[in-house]
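Sharing a sequence plus its predicted fold:
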Amino acid sequence: LQLSTPLSQFTRTVSEAGEDLVGFLLMFCLVYLAYAFAFHMAFGTQVEAFRDVPSAFFTLFLVILGEFDFEELRAANDLLGPLLFISYVVVVYLVLFNMFLAIIGDAYARVKERTAAAEDPFV
């Protein structure tokens, strides 16, 4: 899309990062699936939100958005509740989200470099 420079840079950045994003998406799905099963197995009988795997998927998505009941997990298991929750938050928020930003940032830098090296067709 060559309608505007920012839109053009965005589409080129997404296409540049495409291969890396597919690998990242596979890794994210694997980690997310592992945590959904872990939360279901650890709290499925005690916490309604983790009663089955699809509910665990949805609840973990809500945790990413910031909606969670930490006290319910702690009440279900004093040790495993906080440990599993904190490990999920650290891995998803800090590690995976920063990996995603690094992939997009590197792709944007490559696109910006190529754009600066190319001549402007309207000059």
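Received the coordinates, thanks.

which helices and strands does the lowest-mean-pLDDT helix or strand in the chain pack with?
When the helices and strands of the chain are scored by mean pLDDT, DSSP states H and E, helix 5-16 comes last with a mean of 87. Under the contact criterion of 3 or more Cβ pairs under 8 Å, 6 or more residues apart in numbering; DSSP states H and E, the helices and strands touching helix 5-16 comprise helix 97-117. Heads up, the C-betas are built off the backbone N, CA and C, glycines and all.

ok, and for the helix it packs on, which residues are buried?
Across helix 97-117, burial judged by 16 or more other Cβ atoms under 10 Å covers 100, 103-104, 107-108, 111.

right, and the helix or strand after the least confident helix or strand of the chain?
Beyond helix 5-16 on the C-terminal side, the first helix or strand identified by DSSP states H and E is helix 18-43.

relative to helix 97-117, how tilted is the least confident helix or strand of the chain?
In terms of direction (axes from the mean of the first three to the mean of the last three Cα atoms, to 10 degrees), helix 5-16 departs from helix 97-117 by 120 degrees.
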